[in-house]
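Visitor: Let's see this in three dimensions:
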Amino acid sequence: MIISDEFAKHETDKIKKYQDKGYTANYRVKDNQLVDLETKEAFNSESVKIVAEHRYEGMSNPSDMSILYVIETPSDSKGTFLAGYGPTANLDDATFFKDIPKSNYTEDAKILDDE
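Guide: Now for the predicted structure:
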C-alpha cells in the first residue's frame with residue numbers, strides 16, 4: 001500500500017496550527033522541570049496542564065515515534081513540546097511527563113478546528 005504524503009499528518013503541521021492559536025512557547029526539560037526557553041521560567045510537573053496530545057509513528061520506520069504535548073502553565077505561558085517515545089525516548093523528558101498528574105490532562109480540549 002502506498003500512502004501519499006498529501007494525507008500524512010506531520011508534527012510540524014500540527015505545531016504550526018497550535019502556534020496560530022497562540023501556543024508559541026517552546027520548552028525543554030531540565031532538572032525535572034519544564035523550562036520556557038524564552039522567559040527561562042521553570043515549572044514542576046504538578047503545575048503543568050496538558051490541553052492536548054498527539055502521537056505520531058514514522059511513515060518509513062514505525063519505531064520512530066513521537067508525541068506532541070500542547071501545554072499551558074500557571075504563568076499563562078502556552079506552547080508545545082515534541083518528545084520521542086518508545087525505544088528512542090529521552091528518559092528525562094519521559095519521566096517529567098509521566099509525573100504530570102492525570103487530573104492535569106484535559107481530555108476534551110478542542111483547540112483546533114480539525115480535532
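
Visitor: Quick check: which helices or strands does the longest helix along the chain pack against?
Guide: Longest helix in the chain by number of residues (criterion: DSSP state H): helix 11-20. Secondary structure elements in contact with helix 11-20, counted by 3 or more CB pairs under 8 Å, 6 or more residues apart in numbering; DSSP states H and E, are strand 49-57, strand 65-72, strand 78-85. Every C-beta, even on glycine, is put in place using the N, C-alpha and C of the backbone.

Visitor: And the contacts of the second one?
Guide: Right, the one you point to is strand 65-72. By CB atoms under 8 Å, 6 or more residues apart in numbering, the surrounding residues in contact with strand 65-72 are 11, 14-15, 18, 23, 25, 27, 34, 48-58, 77-86, 88, 97, 109, 111.

Visitor: Out of those residues, which end up buried?
Guide: 14-15, 18, 23, 25, 27, 34, 48-54, 56, 77-83, 97 (16 or more other CB atoms under 10 Å).
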